[in-house]
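Participant: need the 3D shape of this:
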Amino acid sequence: MKLLMIIVESECREELEVLLRHKGIGGYTEIPGTHGVGQTGVRMGSRAHPETSSIFFTVVEDDQAAGLKETIRSFCDASEKKMRMVQWGVEEVA
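Facilitator: Numbering: from 1, shown residues only. The predicted structure follows:
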């Protein structure tokens, strides 16, 4: 199994939820309105830097991970949205 952490612009969080459902992902956790600074810019939810990010976590089977990542990348490329993904191996979910 794989744990994916997907960081997207908050304005496209609903689209990501639709993509997850479309790919058969039945469970995820979202942390909305997150703040940070990185390669995609400053996201502080303030007047000077009004954007924020949303972080999604989901655990998927190994054979689902590659297809899901490609679908999300394609969506972000096509819509010119910024996104980052991190993948970890999962030994057990209890």
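
Participant: alpha carbons only for contacts and neighbour counts from here, please
Facilitator: Noted.

Participant: what's the longest helix seen in the chain packed up against?
Facilitator: Taking DSSP state H as the criterion, the chain has its longest helix at helix 62-79. Judged by 3 or more CA pairs under 8 Å, 6 or more residues apart in numbering; DSSP states H and E, helix 62-79 is in contact with strand 2-9, helix 13-22, strand 83-89.

Participant: what comes into contact with the second one?
Facilitator: So that's helix 13-22. Gly26, Ser54, Leu68, Thr71, Ile72 (CA atoms under 8 Å, 6 or more residues apart in numbering).

Participant: list the buried residues for the next helix or strand after that helix?
Facilitator: Heading C-terminal from helix 13-22, the first helix or strand you meet, by DSSP states H and E, is strand 29-34. For strand 29-34, the neighbour count (16 or more other CA atoms under 10 Å) marks Pro32, Gly33, Thr34 as buried.

Participant: wait, isn't the second one in contact with Glu11?
Facilitator: No - distance between Gly33 and Glu11: 9.8 Å, which falls outside the contact criterion (CA atoms under 8 Å).

Participant: and the pLDDT for Arg73?
Facilitator: As predicted, Arg73 sits at a pLDDT of 88.

Participant: next one: it from Ile6, what distance?
Facilitator: According to CA to CA, to the nearest Å, Arg73 and Ile6 sit 11 Å apart.

Participant: pick out whichever of the two has more residues nearby.
Facilitator: Ile6 (20 against 17; other CA atoms under 10 Å).

Participant: now that one: how far from Ser46?
Facilitator: To Ser46, Ile6 is 22 Å away according to CA to CA.

Participant: what is the burial count for Val59?
Facilitator: The burial count for Val59: 22, using other CA under 10 Å.

Participant: isn't it right up against Gly24?
Facilitator: No - using CA under 8 Å, Val59 is not in contact with Gly24; the gap is 12.0 Å.
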